[in-house]
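# Mind folding the following:
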Amino acid sequence: MSAYLDHAATTPLRASARAAWVEQSQRGGNPSSLHTSGRAARAVVEESREEIAGALGARPSEVVFTSGGTEADNLAIKGTYAARLASVGARRLVVGGTEHHAVLDPVEHLVQSQGADVTWLEPDRCGHISVDDLKSALVATLAPAVGATDALDVAIISVMWANNEVGTVQPVADLAAVAREAGVPFHTDAVQAVGQLPVDFAASGADLMTVSAHKVGGPVGVGALLARRDARLVPLAHGGGQERQVRSGTLDAAGIRAFAVALTEAVAERDVEAKRLTALRDHLIGRALALDLGISVSGCWTAGEATDRLPGNAHLLVPGCEGDSLLYLLDAAGVECSTGSACQAGVPQPSHVLLAMGYPEAEARGALRLSLGHTSTDADVDAFIAALPRVVERARRASGAA
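The predicted structure follows:
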């Protein structure tokens, strides 16, 4: 049996979520239908919406269900851009340089197709975005729209809560406060943070927040965009407007129910689980460094701490190796992990996250992401450490470094 160390890509479905999905899927019913089955499905959706909102410090009306984190990020970025462009003529996006491609690619689409401008917030060596840098990025360039003479030209600010590759946790509340003072909508992708860190939508000050079910032990294909009631969004698709008239499509009652069950369970056990994962992460990192293979840790890491880094994230740099070679060799040895974002797997180029953090390309190429989750055990770490020396030796030979 493989040692699974790629929970940041997806974490196994929780037994409670599986049972909830099976039970609801057997009932059927379209939540938009007015007959008995439809009303019953609608009740399940709304009860689940309330549970999700409660777990994330939001109002039920602020939960907009989507097909997952990617759609939610697209709706936040494109939908807000279109609304702000129409209302105040804002064409600039202020975006963290280490964002997931579910944010970066919509931004690039707006640049290419609609003439948007981007101001990139470059991180420090740990991956943190500076509050002062955000303030500098919001120097008031006035928007040209009539009636908006004092409006910034910024349509939206987007900085992820916790990075999917190196696990860096951002000062979201401080960044959101700067955005609110400037009158600019603030979005945060909290897909990796939920279930590992305390996440409170209201307390964060964010206007928009992305979450996804399969990162907390729910099913793939369900997520949500949390949007404050005064958030203005232009829909990306039309055909029913089931979710606040900004997202259309028949709601997946079974998936939503399983999402709510998984999220509730993950949040309930978060504090205890975070301590367990922090200890397991530190054990993994400590043993990897002790192998004397020249391995280093990217991002911020202090043993026992989970404020600057996700509890379950260990990101290692292995000199003289290609990340893809390490991944395939570890996989052959029964250890499943990643070189970074799973959405970019197989692309032979260094991580944009590490490059943005100032790592040289040659160093960034030897990256390994080990991410722990609710099924992770000491045995998984043991398997990785046992396989690593031989894998590194072979990878270095393949690259000509040994």
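# Please report how far the most centrally placed residue in the chain lies from V211.
The chain has V191 as the residue nearest its centroid, 3.3 Å off, counting by C-alpha atoms, centre = their mean. Noted for V191: a distance of 6 Å to V211, by C-beta to C-beta, to the nearest Å. Yep, even glycine has a C-beta here, placed from its N, CA and C like the rest.
# With V194 instead?
Taken as C-beta to C-beta, the span from V194 to V211 is 5 Å.
# name the element W120 belongs to?
Assessed by DSSP states H and E, W120 sits inside strand 117-121.
# on that earlier part again, of V194 and V211, who's got more company?
Using other C-beta atoms under 10 Å, the more surrounded residue of V194 and V211 is V211, with 32 against 24.
# right, and H374 touches E273 too?
Yes - H374 sits in contact with E273 when judged by C-beta atoms under 8 Å, with a separation of 6.5 Å.
# on that earlier part again, and the residue nearest to the centre of the chain, that's in a strand?
No - under DSSP: H, G, I helix; E, B strand; the rest coil, V191 sits outside any strand and is assigned coil.
# For it, what are phi and psi?
Backbone torsions of V191, given as degrees, to the nearest 10, read phi -60, psi -40.
# Not counting sequence-adjacent ones, nearest residue to G28?
S37 (6.0 Å; C-beta to C-beta, 6 or more residues apart in numbering).
# wait, I meant V95
S158 (5.0 Å).
# Over to the one you found: give its phi and psi.
Dihedral angles (degrees, to the nearest 10) for S158: phi -130, psi 120.
# what number of residues lie near it?
Neighbour number of S158 under other C-beta under 10 Å is 27.
# That one against P185, yeah?
No - counting by C-beta under 8 Å, S158 stays clear of P185, with 9.2 Å between them.
# where does this structure dip in pLDDT?
140-151, 340-348, 401-402 (pLDDT under 70).
# Break it down into its structural domains.
3-12+270-399, 15-267 (automatic domain parsing).
# all strands for the protein, in order.
3-4, 63-66, 92-96, 117-121, 154-158, 186-189, 208-212, 223-227, 296-297, 313-317, 335-336, 367-371 (DSSP state E).
# Compare those and give me the one nearest L327.
Closest of those to L327 is strand 367-371, at 7.4 Å (criterion: C-beta to C-beta).
# So which residues make contact with the closest one?
Applying C-beta atoms under 8 Å, 6 or more residues apart in numbering, the contact partners of strand 367-371 are 5-9, 165-167, 284, 298, 310, 312-318, 323, 326-327, 330, 337-340, 350-351, 354, 384.
# Sort out which of those are buried, if you could.
5-9, 165-167, 284, 298, 310, 312-318, 323, 326-327, 330, 337-340, 350-351, 354, 384 (16 or more other C-beta atoms under 10 Å).
# Just these: which are in helices?
284, 323, 326-327, 330, 354, 384 (DSSP state H).
# circling back: among the strands of the chain, which is nearest A379?
Per C-beta to C-beta, nearest to A379 of the strands of the chain: strand 3-4, 7.0 Å.
# Quick check: neighbours of the closest one in the sheet, parallel or antiparallel?
Sheet partners assigned to strand 3-4 using DSSP bridges are listed as strand 335-336 (parallel).
# Distance from the chain centre to the strand it pairs with, please.
22 Å (C-alpha atoms, centre = their mean, to the nearest Å).
# contacts for that strand?
Residues contacting strand 335-336 (C-beta under 8 Å, 6+ apart): 2-6, 330, 383-384, 387.
# How many neighbouring residues does the residue lying closest to R232 once chain neighbours are set aside have?
Of all residues not flanking R232 in the chain, A83 sits nearest, at 4.0 Å (C-beta to C-beta, 6+ apart). Residues near A83, counting by other C-beta under 10 Å, number 19.
# try S32
Counted with other C-beta under 10 Å, S32 comes out at 14.
# now swap in C126 and tell me
C126, neighbours per other C-beta under 10 Å, totals 15.
# From what I see, it and S298 are in contact.
No - C126 lies out of contact with S298 (C-beta under 8 Å); the separation is 9.0 Å.
# any shared contact partners between those two?
Joint contacts of C126 and S298 (C-beta under 8 Å, 6+ apart) are M357.
# Mind listing what's buried along stretch 193-205?
In stretch 193-205, counting by 16+ other C-beta under 10 Å, buried: 193-197, 199, 201, 204-205.
# what distance separates the start and the end of that stretch?
16 Å (C-alpha to C-alpha, to the nearest Å).
# now that stretch, how far from the centre of its chain.
Using C-alpha atoms, centre = their mean, the offset of stretch 193-205 from its chain centre is 12 Å.
# picking up where we left off before, same list, the strands of the chain, but as TSV with distance to L263 please.
Listed next are the strands of the chain as TSV, based on distance: least, C-beta to C-beta, whole Å:
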stretch	distance to L263
strand 3-4	21
strand 63-66	11
strand 92-96	25
strand 117-121	29
strand 154-158	22
strand 186-189	16
strand 208-212	8
strand 223-227	10
strand 296-297	30
strand 313-317	20
strand 335-336	24
strand 367-371	18
